[in-house]
Every structure is written in C-alpha cells, then in structure tokens.
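**Student:** Take this sequence and fold it.
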Amino acid sequence: MMVILDQLIALAWMIFPLFIIALAFGAVIETRLSTEWVVKQLGGSKSAVFKAIVFAALIPGCACATMPIAESLKNKGSSKASLIAFVMSSPLLGPHTILLTFSVLGLSFGVARLVFSVLGSLLIAVFVSLMGDFFALPKSIETNSTQACCHKDVSSSSFIKDSITNFLTTFKKLFPFMCLGLFLAALIPLVMPESWMALLSGKPHFFLYVLASLMAIPLYVCEAEEIPLTFALLSAQVSPALAFSFMLASVGTCIPTALMAKPILGTKLTAFYLIFWLFFATGSGYLLSLLSCFN
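**Tutor:** Below is the predicted model:
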C-alpha cells in the first residue's frame, strides 16, 4: 500500500502543476473564442474542413462535450465533411491535452498526436465527402444535449472573470477524472504481471494493437485523463506505439459519445465513425511501431 501511495504522490507532484497550467491556458482560449463565432465561421465555407480542425484544436472539450457543438454546426448548415472533421479532431487536439501530452509524455508523443490527429481528421472528412448522399444527416431536432458531459455555460462579463469561471468549472469537471487516472497510473505498473509486460513490450503483434483499441474505445475517459493512463502503461514497459494506440482510442470516443452522436450524425455515419476510429487508433500505433525513433 505504501508503494502505491509513494508512486501516487510522485505522479501527482509531476502532473498536477502541468495540469493547472494547461487548464489555465485552455480557459483563456475558451474565453476569447466563443462557440457562436465558431459556428458562424464553419457554416458553408469552402475551407470549412480545415477551419473545423483548427477550431477544434482551440476549443477545450472531451468527446461527448463535442456533440452539442456539432449539433449547432449542423443546424447552421455545416457540411458533413467539416462536421465529421470537427467531431474527430476536437477530443484529440484540445489545447490543454496537447500541452499535457508534450509535457508529460514527451516530444515524440506530442508530435505524433498532432500529426495523426490532423491526418485522421482530413482522411475521414475526404471519405465522407466522396460518399455523397450515402451518409445522410438526420433532420435537426431540438435537444437539451448542451447540458451533457463537460459543456459549460459562460457569462458575458469581464475577460478575467470569465477566464476564472471557465478555469474553475473545467477544474471541477476534470479533477475527479484526473485523480482516478493518477490512481490507476500508480496501480498499473505494480499489478501488471511480468508475463504481460514481456508480451506488451518491444514490438507487439498487430493483433495487440487491435485489442488495445477495442478495449479503450468503449471507456469513458474525459479530457486529459488519458495522459496519466498512458504514462502508467509506459512505466509498465508497454511498447510506446501500443500505448499510443490505447491513448487515441480511449480519448476519441466512448459509449456515451456514440449514443449522443446517433441523432446528430445518423446511424450510418455514427457506425462508420466508430469503425474508422478503430482502424485509426490501431493503424496509428502500428505505423509508429515501424519507426525506430518511437521505440
């Protein structure tokens, strides 16, 4: 028990200061960049797919918090391609999660997360666009989904007050998940059998990348919680590429996200989105395993 406590304290001492800095950074951006302005910019623009990825990277939001914004984008006439690009990239490219990835997991993980997130978002957008009317969006309906998950209402007062409000609201939402992630991060290296460590280290078989993604996709991992979990896998000597697959799959989608996505994207596009994410997370990690600089 003392070993777990010592490990937990060490992890908290390393990650919590970065967590606070990252939340402050995200709160400032969120205050400056209103959701309404983003919705207006993405409605029917020819460069909407690229704008969608950029805006997704500037708006803090986990996978299920993205869905209320996606509903607004659809209501304002956003194309299917830009809509799916936003939904895909938002949980991957949140400002504080990117900062934490670089700070805690290192330069290689940070760069890989940025590159694969952008490429994956562009790829799914192009495919959906080429499929034409096959992925028909359902008609817009009135919804209260804006109250779900990590969505926050922000007052229109001063910049400093709004930034503090955003920071405290996000902190209250994410702090329990971060604590859970830190606890699991302290526990995993100590309880993982040596036989598993030997199997998951080095260059695992391709099937293990598929398995890691399948295990991670249904999980509800709120934004930034994937960082200590991935750190724990690395501490347990799991292959960096395999840990990368788990990180992408866990943060990108989950069962609540899939349920919220269906009335917004439709059954076909939601199913394709989940299947694409499985291949995306699996393939990203496996491709990285072929690079000697990532092992």
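**Student:** Could you list the low-confidence segments of the stretch 101-250 of the chain?
**Tutor:** Where the stretch 101-250 of the chain drops to pLDDT under 70, the residues are 140-157, 170, 173-174, 177-178, 181-182, 184-204, 218-224.
**Student:** That one: helices as residue ranges?
**Tutor:** Assigned by DSSP state H, counting those that start in this stretch, the helices in the stretch 101-250 of the chain fall at 107-130, 159-191, 194-200, 206-216, 226-235, 240-252.
**Student:** okay if I get those as TSV plus mean neighbour count and distance to Ile53?
**Tutor:** In short, each C-beta sits where N, CA and C put it, glycine included. Shown next, in TSV, are the helices of the stretch 101-250 of the chain (neighbours: other C-beta atoms under 10 Å; distance: least, C-beta to C-beta, whole Å):
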stretch	mean neighbour count	distance to Ile53
helix 107-130	18	5
helix 159-191	17	22
helix 194-200	12	32
helix 206-216	18	22
helix 226-235	24	19
helix 240-252	26	14
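**Student:** Looking at those, which is nearest to Pro263?
**Tutor:** Pro263 lies closest to helix 107-130 among the helices of the stretch 101-250 of the chain, at 17.5 Å (C-beta to C-beta).
**Student:** Run through who's touching that closest one.
**Tutor:** Here helix 107-130 makes contact (C-beta atoms under 8 Å, 6 or more residues apart in numbering) with 49, 52-53, 56, 79-82, 84-85, 88-89, 92-93, 98, 101-102, 135, 230, 240, 244, 247-248, 269, 272-273, 276, 280, 284, 288, 293-294.
**Student:** relative to helix 226-235, how tilted is it?
**Tutor:** Using axes from the mean of the first three to the mean of the last three C-alpha atoms, to 10 degrees, the direction of helix 107-130 lies 120 degrees away from that of helix 226-235.
**Student:** Helix 107-130 to helix 240-252, inter-axis angle?
**Tutor:** Orientation check (the same axes, to 10 degrees): helix 107-130 against helix 240-252 gives 50 degrees.
**Student:** how close does the nearest residue to Ile227 once chain neighbours are set aside sit to Thr31?
**Tutor:** Nearest-residue entry for Ile227: Leu100, 4.7 Å, with adjacent residues in sequence omitted and distances by C-beta to C-beta, 6 or more residues apart in numbering. For Leu100, the distance to Thr31 (C-beta to C-beta, to the nearest Å) stands at 20 Å.
**Student:** who's more crowded, these two?
**Tutor:** Leu100 (25 against 19; other C-beta atoms under 10 Å).
**Student:** for the helix or strand containing that one, what is the average pLDDT?
**Tutor:** Assigned by DSSP states H and E, Leu100 belongs to helix 95-100. For helix 95-100, the mean pLDDT works out to 83.
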